[in-house]
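> model the structure of this input:
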Amino acid sequence: MVPLIVSVVHAMPIALTTSACPLGWDFDGAAGWDNDTDPLLYHPRFHVMPPTRKDRPTGMNDYNAMFSYQGVYHLTYQDHINCPDDINQANQSFGHVVTTDLVHLMHLPPILTDERLYDNTLGPWDGPGFICNGVPTVIYNSHANGNNFNQQTKTAATPLNLADRWLTNWSRQQLTPSDAFIGPGTLPPPWKSRDDSKYFAFAKPAVGEGCWLWETPSTGNCTVWTVTNHNFTDPALCYTNSPELWPLPRPCESCPPAPTAGPSHILKYTAGEYDAYVLGKYDDVKLYFTPDGPPKLFEFPKTRQFEDGRGAWSESMLTADGSRRFYIAWVPPGVSPGYKGPQDLAPGFPRLWHTSTVMREVLYDARIKQLTSAPLEEYTNLREDTVGPPLSALALSAGAPPKVLGRSRQFDVDLNFTFNLGDANTSFGVTVFASDNAEAGVRITISCSNDTPAQVLPGTDLPGDDYHWFGVDPSFTQQDCAEACVNDTHCKAWTLVNNISGHNFPPYRCCFKNPVPQSHPNPKCTSGIAPSGPTCTLVVNTTGSGDVPAHTVSSPVATVAAPLLLGERVVSLRVLGDRSIIEAFAVAGRAVATATVYAPAEHTSIGVWAESDNVTVSGQAYEMGCAWILAEDLDLERAYTHNLSGRRAATPAQNVH
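Modelled structure (predicted):
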């Protein structure tokens, strides 16, 4: 076979020696790779998911330990290796995928399988990964059946052989004390103390209230833990799944740095069936996390139905150089419409189950106090052919048929729409997995209303939610206060206080608010609401994608708020499609939606359109390649100068950090 080159960012090039896409591995040692033919129409090609197995469907749930060690990223997930024979989700394991460049993937056997000497009846379930004194470490939980389901045991696991690059064999060790962390919920990945002398992790106690912070005696021993604080944060945030505490990520592109007076950390968690996060302050001396505002969502929380295609139960980690934080989330289901036994599978459906999102970098936009996300930049290295010509300010108009760009089932559509609202609302977007003319398919729409004008509220106070105030003299006018608010991108509302003394505040002051508080009459105050940009929504609608036997989309529409700043008239929309999964990132990742779809085989068109005039679109659509490779391809010592299947010239080999 002819070796192929893939130019990558942040790592050495990887040479591919296989022309097929190695989607799976039979761990029972039968026929080996299950990729001789391509009957798997709906099987994703560049998303992490369990290996395809010939003799059973593949079960997958939330993500577990993720860490990097000596140039290799290790991603683990809840893998049901005997699913669905195992209706009660016994025989759990930690499925294992590795990557050296954050885009090309290789399956390995599970790092943990059911071990009754240590585990409860349901086997290894969830748990974070981290590097303890130079050793990869997992502290996982294991459930019991029945009424004791949430009395989860916690056990440590470490690799048996650190010289093994892939860390394929692991050993277990009981925690001290033996009941450490026993109770509901999973641990966050432990973090180091201010002086790097110990590790911390929090958990809800098995009995009673509170949120207990545990610590190790040193950074060299991560199996011995003691409670150091019984009230680390709000107990409601403690009793969650997949929790994580991390510093604010880097600012989004062209975004200002976070103000020092603002939040310092993110507490991320899974509540119910969706991922959420809280901004707040972490005091590393008093060892307490104080939330700053209500929880926010990573993406739209669809209702809990089997085929609702949301991204949730995520886990995150830093890149090896510590510069970027990325997460990956579970998406049910990625491939099949449910398993009822081999005799019930619809023609064309493989015996597979769930999948996941792409790896997404998480960023912070201080202007709207919100996390944003985008596919890791490394995914551009999977782009192969272009799908259609590049678009440069292509004019779209209401009533015109969609402009068909080309055809693909594995794509990365990267567009920028420019619009002029005028006096009316506007809608525009892209249709994928569509019919030949792109009229019927998965419709991804951005709808925007007009800017919201400023409001002045004489004789009105907006008490509370001050994040900044300053004293003024009596000549300072309401217009001065309003203009100062507009010049601060955080400011949503303002109050000018006229001669009210007390509480050590100056009698005349201008107060900035975020969010907008409830109003109250007060003759000594004048308040106002700052002007804001258009109110936009991102809508992913799969109802027009066609019908496949034995498959019904139970949650076909996702609607997500996509805020624009005042004066913004360019909207980015990036859509990744991979056979049966769609991920849409709108307005620089301020709105994200995930969906699963099973379009008929002939539905492969991609088209752009608008429902109003004065809309233009620029950008390009790309065909995406396969991310899965074999062990012999994951050799960083080799570098080739061939091109990718002769379709895209590779850049010279580089080691870019």
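> gap between stretch 530-537 and the chain center?
Relative to its parent chain, stretch 530-537 has a centroid offset of 25 Å by Cα atoms, centre = their mean, to the nearest Å.
> avg pLDDT for it?
Mean pLDDT, stretch 530-537: 83.
> give me the contact list for the top helix by length along the chain.
The single longest helix within the chain, with elements called by DSSP state H, is helix 478-486. Applying Cβ atoms under 8 Å, 6 or more residues apart in numbering, the contact partners of helix 478-486 are 454, 456, 472, 491, 493-496, 510, 512, 526, 528, 530-531, 566. C-betas here are computed from N, CA, C, even on glycine.
> centre of the chain to stretch 436-445, how far?
26 Å.
> just to revisit the earlier point, in the longest helix of the chain, which residues are buried?
478, 481, 482, 484, 485 (16 or more other Cβ atoms under 10 Å).
> next secondary structure after it?
strand 493-498 (DSSP states H and E).
> what residues are up against residue 581?
Applying Cβ under 8 Å, 6+ apart, the residues near residue 581 are 44, 47, 309, 331, 334, 355, 357, 594, 595, 596, 597.
> okay, the fifth one: pLDDT?
Yep, that's residue 334 we're talking about. pLDDT at residue 334 comes out at 44.
> and the first one, by the same measure?
As summarised for this prediction, residue 44 has a pLDDT of 86.
> packing partners of the strand or helix carrying residue 68?
If you go by DSSP H and E, residue 68 is part of strand 59-69. Strand 59-69 sits against strand 72-80, strand 92-99, strand 129-132, strand 135-142, strand 241-247, strand 312-318, strand 325-331, strand 355-356, with contacts defined as 3 or more Cβ pairs under 8 Å, 6 or more residues apart in numbering; DSSP states H and E.
> hang on, the earlier thing: now tabulate the contacts of residue 581 in JSON lines and tack on secondary structure.
Formatted as JSON lines, the contacts of residue 581 follow (DSSP: H, G, I helix; E, B strand; the rest coil):
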{"residue": "44", "secondary structure": "coil"}
{"residue": "47", "secondary structure": "coil"}
{"residue": "309", "secondary structure": "coil"}
{"residue": "331", "secondary structure": "strand"}
{"residue": "334", "secondary structure": "coil"}
{"residue": "355", "secondary structure": "strand"}
{"residue": "357", "secondary structure": "coil"}
{"residue": "594", "secondary structure": "strand"}
{"residue": "595", "secondary structure": "strand"}
{"residue": "596", "secondary structure": "strand"}
{"residue": "597", "secondary structure": "coil"}
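> gap between the two ends of stretch 187-205?
Stretch 187-205 has an end-to-end distance of 12 Å (Cα to Cα, to the nearest Å).
> quick one: contacts of it?
Residues contacting stretch 187-205 (Cβ under 8 Å, 6+ apart): 127-130, 132, 139, 141, 154, 181, 183-185, 210-219, 222, 225, 228, 232-233, 235, 238-239, 243-246, 284-285, 287, 317.
> if we use 7 Å, what do you get?
Contacts to stretch 187-205, defined as Cβ atoms under 7 Å, 6 or more residues apart in numbering, come from residues 127-130, 132, 139, 181, 183-185, 211-219, 222, 232, 235, 238-239, 243-245, 284.
> cool, and stretch 539-546?
The contact list for stretch 539-546, computed with Cβ under 7 Å, 6+ apart, reads 433, 440-445, 447, 553, 556-559, 582, 584, 593, 595, 597, 599-600, 603.
> how about residue 492, what does it touch?
513, 514, 515, 516, 530.
> tell me which two of those sit farthest apart.
515 and 530 (11.3 Å; Cβ to Cβ).
> looking at these two, which is more packed in?
Shown here are residue 515 and residue 530; by other Cβ atoms under 10 Å, residue 530 has more neighbours (24 against 12).
> wait, that one touches residue 454, no?
Yes. Using Cβ atoms under 7 Å, residue 530 makes contact with residue 454 at a distance of 6.2 Å.
> which among the contacts of helix 478-486 end up buried?
454, 472, 491, 493, 494, 495, 496, 510, 512, 526, 528, 530.
> from residue 469, how far off is the third one?
Per Cβ to Cβ, to the nearest Å, residue 491 is found 11 Å from residue 469.
> what touches both of those two?
residue 512.
> how far out from the middle of the chain is the strand holding residue 68?
13 Å.
> make residue 1 into 26 and carry on from there
With 26 as the first residue, the last one maps to strand 84-94.
> between it and strand 350-356, how big is the angle?
Angular relation of strand 84-94 and strand 350-356 on a 0 to 180 degree scale: 170 degrees, by axes from the mean of the first three to the mean of the last three Cα atoms, to 10 degrees.
> would you mind writing the CA trace of strand 84-94 as PDB?
In PDB, the C-alpha atoms belonging to strand 84-94 read as follows (Å, rounded to 0.1, in the frame of the first residue of the first chain):
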ATOM      1  CA  GLY A  84     -22.800   0.100  23.700                       C
ATOM      2  CA  MET A  85     -21.400   3.500  24.700                       C
ATOM      3  CA  ASN A  86     -22.300   6.000  27.400                       C
ATOM      4  CA  ASP A  87     -20.500   9.000  28.900                       C
ATOM      5  CA  TYR A  88     -16.900   9.900  28.800                       C
ATOM      6  CA  ASN A  89     -14.500   9.000  31.600                       C
ATOM      7  CA  ALA A  90     -10.800   9.600  32.200                       C
ATOM      8  CA  MET A  91      -9.000  11.700  29.700                       C
ATOM      9  CA  PHE A  92      -5.300  12.600  30.000                       C
ATOM     10  CA  SER A  93      -2.100  13.000  27.900                       C
ATOM     11  CA  TYR A  94       1.100  11.100  28.700                       C
END
